[in-house]
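Asks: for reference, the sequence and a predicted model appear below.
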Amino acid sequence: MNHNALPRARITGTGSALPDKIVTNRDLEQMVETSDEWISTRTGIKERRIAVDGQYTSTFAIEAARRALDMSGTGPEELDLIILGTVTPDYPFPATACIIQKELGAHKAAAFDLSAACSGFLYGLSIASAHIRTGVTKKALVIGAEVLSRVVDWTDRNTCILFGDGAGAAVVEACEGENGILSTHIFTDGSHWDHLYLPAVGSRNPASCQRTIDERLYYLRMDGNDVFKHAVRAMEEAALTAVAANNMSPSDISVFIPHQANRRIIDATAKRLGISEEKVIVNLDAYGNTSAASIPIALDEANRSGAVEAGDIVLMDAFGGGFTYASALVRW
Ligand code: ACO
């Protein structure tokens, strides 16, 4: 959606929240046949944060949301809309966003979950921005939150080394002036839906001891090589679409915030775009792949550390299960 003629939506607050528990590559060496050296060189990940008993997706989403609301000076009762991007909701239904709405006291906000895997935050930002631009919504909260550790097979070295838990959030509101979300772009290629998915529990594979438990269908499945190959190409396409829609080129980008899946995916994408290393925000060494939470966590850290400053052109770029991919270009 290109937004040139309409009022602008702007991110006025960011927040993030992570579990305290750290699982290092050395810890994983005790669990599966792997090594710190293999994980570091193939992915760039050194450690990840993992939820403990009593912590759920909503736990981190609510904490991240409160921090974003604080920064923006927005009261929860002012919110018109809450969108939670997640593939690991507290329950299949109701939407975890409804639990968040209650806990925040955001009485007038419509709230729903959005399933777009690692692109969930940017899909949510796109919807919130469109609602704001048309005047339907004044203030929205967009969250990406996951507890992937609960759907990862901790005996499968192909997948368990990659993922982490956490949440990031942004308050988005209508405002005047040149700064704000310049455009958002969302894409889907459903022909690869079964290359990264969670087989159970759903209407195709309802709960049963014989199938869902014995066949371990409740763990995510991934064709890592296929994901890798498509991620780089799709993230390049999403990024180029965003800069072209604003009559810019990649050289105009001040800060690049890619989805944090694999250091090699990030480096290859940045190289194709000609974006130099110092402009790229990377935190996957500390958190692994937190799916929908990865971009808003990185955005919040960049915002709070001063790595993103007023006037900067910020490109956010995601790829995930579906396959989904998305970009957002922001004048900060
Ligand atoms: N430790 C040691 N060896 C391992 C491990 C491990 N943790 N995992 C796999 N191996 C072995 C494999 O068994 C294989 O052995 P073999 O040659 O004897 O069969 C060998 O290492 C090479 O395996 P590949 O899969 O070819 O390794 P590759 O370099 O492709 O890296 C990886 C695998 C890291 C999964 C990579 O493909 C990747 O990052 N893909 C993207 C997947 C991703 O990021 N998914 C996240 C969700 S989607 C998203 O967010 C974008």
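Replies: Yep, that arrived.
Asks: all contacts plus neighbour counts: C-alpha atoms, from now on.
Replies: OK.
Asks: contact residues of the stretch 1-150 of the chain facing the ligand?
Replies: 34-35, 38-39, 42-43, 118 (CA under 6 Å from any ligand atom).
Asks: show me which of these are buried.
Replies: Applying a neighbour-count criterion of 16 or more other CA atoms under 10 Å, the buried members of those are 34, 39, 43, 118.
Asks: of these, closest to the ligand?
Replies: residue 34 (3.6 Å; CA to the nearest ligand atom).
Asks: show me where the stretch 151-300 of the chain dips below the pLDDT cut-off.
Replies: Flagging of the stretch 151-300 of the chain using pLDDT under 70 yields an empty set of residue ranges.
Asks: which residues of it lie near the ligand?
Replies: Neighbours of the ligand within the stretch 151-300 of the chain, by CA under 6 Å from any ligand atom: 157-158, 161, 224-225, 227-228, 231, 261-262, 291.
Asks: need the max-distance pair from those residues.
Replies: Farthest pair in these (CA to CA) is 157 and 231. Separation: 20.7 Å.
Asks: related to what we said a few turns ago, helices - which of the residues of the stretch 1-150 of the chain next to the ligand land there?
Replies: Cross-referencing these against helices under DSSP state H gives 38-39, 42-43.
Asks: TSV for these, including pLDDT and distance to residue 279?
Replies: What follows is those, written out as TSV (pLDDT from 0 to 100; distance: CA to CA, whole Å):
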residue	pLDDT	distance to residue 279
38	98	26
39	98	24
42	97	22
43	98	20
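Asks: residue 69 against residue 172, yeah?
Replies: No - Residue 69 is not in contact with residue 172 according to CA atoms under 8 Å; the separation is 9.9 Å.
Asks: which neighbours do the two have in common?
Replies: residue 13 (CA atoms under 8 Å, 6 or more residues apart in numbering).
Asks: more neighbours, the two?
Replies: Between residue 69 and residue 172, counting by other CA atoms under 10 Å, residue 172 is the more crowded of the two (29 against 23).
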